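Asker: Model the following, please.
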Amino acid sequence: MTPMKNASLFVLLLAFVTVASFAETEKERLANTVILTAEGVANLRLEVVTAEETVFEETVFALGRIGAAPGHRAVVSSRVPGRVVTVAAHIDRPIAKDAEVLVLESRQAGDPPPSVRLLAPLAGMVTVVNVVPGSPVEQKDALVEIMDLSEVHAVAAVPEHLIGKLRPGQKAHIRVAAFPDRVFEADLAHLGAAADTTTNTLEAAFHVPNPETLLRPGMRAEFSIVAASREDVMSIPREAVQGDAAGRFVYVKDYDLKNAFVKTAVVIGAQNDRFAEVTSGLLPGDEVVTRGAYSLAFAGKGSVSLKQAMDAAHGHPHKEDGSEMTKEDIAAAAAGAGGHAHGGGKSFTPLTMFFAGSTGLLLVLLLAVLRRKTAGGQP
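Answerer: A predicted model of the protein is given here:
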């Protein structure tokens, strides 16, 4: 057999394998497709994002609390004993620097007794008021507490085995339950001098700008501290990933069918607080379901059949499995009971016909080669 014949056979064999592979892939895609009505998409509140290669952050996760920033808290007290006459400060209300906090009547002799005005040492929020008019006051008493909340001190308790990844200046994403959709950014100011022997953690402190005063001391916080980053990493929001460790998958918006989503197996790499690295299964530009992905897993085949969706997308009849109907299928269906096209399972689709044609061409070529070999001819 000559090299030309070998090349021809190889090309035909490659075409045969390609067609078979495509047919199997397309069959699997349709079997894993969930099709919904427009109302179904709206009810599930589905949202999609475009998969793309971006900078991926490797983070250290820790829990902690919000506290007062150093130098942003002050206590008002009196240097002389006496009795409270008026209180101008009100708890949970803002107060300006040098504004009157309260007025005292001194115990020193006088007619009337001398009064003392106590002023706010800084601007901020009144967090504690311990006296009312008529309260006796001693020099040791803390009367009013004021806190400047324009900046707060966020402290994360980082597990000891992760401390080696941290350095001052690293960025952190901070979240609190009160504002789940907000992310507060801050840089690592310093690490604690000693570890907590009870929890085996070390404190990592952040000075967080708080111009809207949304963060309040005592709030529980979640910290994602960026320890490193990599460029050109395919990643998607973590909420898009479904399944368990044995089989992860996402739902990708179908490129052809309206309101259709294909269950697609993926391989997940590193994860941080927001994103998951996808090492296999997606291409840049794929539209992946994020919000509502979990609900799609229970949507089954939806309220629209595959046949209805394919008919609407392509403008001509299809079978129940989504394959196209030939003219003979349509004619046979029209002649059937009630004139409804159901699509018999024994008819041929264009894909099947192409597959059969390729096989036939390969058979003809083989017969020609055998004939020439028998006759002793050359091509």
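Asker: How far does stretch 69-85 stretch from one end to the other?
Answerer: 32 Å (C-alpha to C-alpha, to the nearest Å).
Asker: In it, which residues are buried?
Answerer: For stretch 69-85, the buried set under the neighbour-count rule, 16 or more other C-beta atoms under 10 Å, comprises Ala69, His72, Arg73, Val76, Ser78, Gly82, Val84. Every C-beta, even on glycine, is put in place using the N, C-alpha and C of the backbone.
Asker: Show me where the stretch 151-300 of the chain has its helices.
Answerer: Here the stretch 151-300 of the chain has its helices, by DSSP state H, counting those that start in this stretch, at 293-296.
Asker: So, low pLDDT: which residues of it?
Answerer: Scanning the stretch 151-300 of the chain with the threshold set as pLDDT under 70 gives 300.
Asker: where exactly do the strands run in it?
Answerer: Here the stretch 151-300 of the chain has its strands, by DSSP state E, counting those that start in this stretch, at 151-159, 171-176, 184-191, 201-209, 220-237, 242-244, 247-253, 260-271, 275-280, 287-289.
Asker: contacts for the fourth one?
Answerer: Strand 201-209 is touched from outside by 62, 64, 66, 69, 150-160, 163, 166, 172, 174, 184-192, 194-196, 215, 223, 225, with contacts defined as C-beta atoms under 8 Å, 6 or more residues apart in numbering.
Asker: out of those residues, which are buried?
Answerer: 62, 64, 66, 69, 151-158, 166, 172, 174, 184, 186, 188-189, 191, 195, 215, 223, 225.
Asker: Show me what Val144 bridges to in the sheet.
Answerer: Val144 forms beta bridges with Val76, Val129, as assigned by DSSP bridges.
Asker: Surely Gln108 touches Pro114?
Answerer: Yes - Gln108 is within contact range of Pro114, at 5.7 Å (criterion: C-beta atoms under 8 Å).
Asker: For Val233, grab the count of nearby residues.
Answerer: Counted with other C-beta atoms under 10 Å, residues neighbouring Val233 total 19.
Asker: likewise the one 5 residues further on?
Answerer: The criterion is other C-beta under 10 Å. On that basis, Arg238 has 14 neighbouring residues.
Asker: which ones are touching the closest residue in space to Ala228 that isn't next to it in sequence?
Answerer: Closest residue to Ala228 in three dimensions, ignoring its sequence neighbours and counting by C-beta to C-beta, 6 or more residues apart in numbering: Glu58, at 4.5 Å. Contact analysis of Glu58 by C-beta under 8 Å, 6+ apart lists Val226, Ala227, Ala228, Ser229, Arg230, Ala270, Asn272.
Asker: was I right about the fifth one contacting Val55?
Answerer: Yes - using C-beta under 8 Å, Arg230 and Val55 qualify as a contacting pair, with a distance of 7.1 Å.
Asker: Which of these two has more residues huddled nearby?
Answerer: Arg230 (13 against 10).
Asker: Identify the bridge partners of that one.
Answerer: Going by DSSP bridges, Arg230 forms beta bridges with Phe56.
Asker: Which secondary structure element is home to Gly360?
Answerer: helix 350-375 (DSSP states H and E).
Asker: Check the residue lying closest to Val126 once chain neighbours are set aside and give its pLDDT.
Answerer: Sequence neighbours aside, Ala89 is the residue nearest to Val126 in space, at 4.8 Å (criterion: C-beta to C-beta, 6+ apart). With respect to pLDDT, Ala89 scores 94.
Asker: In contact with Ala89, which residues are there?
Answerer: Val76, Ile95, Val101, Leu102, Ala120, Val126, Val129, Val144, Ile146 are the contacts of Ala89 under C-beta under 8 Å, 6+ apart.
Asker: ok, it to Leu363 distance?
Answerer: According to C-beta to C-beta, to the nearest Å, Ala89 and Leu363 sit 97 Å apart.
Asker: try Gly247
Answerer: Counting by C-beta to C-beta, the gap from Gly247 to Leu363 is 41 Å.
Asker: Over to Gln139?
Answerer: With C-beta to C-beta as the criterion, Gln139 and Leu363 are 109 Å apart.
Asker: can you check Ala62 too?
Answerer: Distance from Ala62 to Leu363, by C-beta to C-beta: 68 Å.
Asker: try His161
Answerer: When His161 is compared with Leu363 (using C-beta to C-beta), they lie 66 Å apart.
Asker: Pick out whichever of those two has more residues nearby.
Answerer: Leu363 (11 against 8).
Asker: State the pLDDT value of that one.
Answerer: At Leu363, pLDDT is 72.
Asker: what are the phi and psi angles of His72?
Answerer: phi -110, psi 20 (degrees, to the nearest 10).
Asker: That one reaches Ala123, doesn't it?
Answerer: No - with contact defined as C-beta under 8 Å, His72 does not count as touching Ala123 (10.2 Å).
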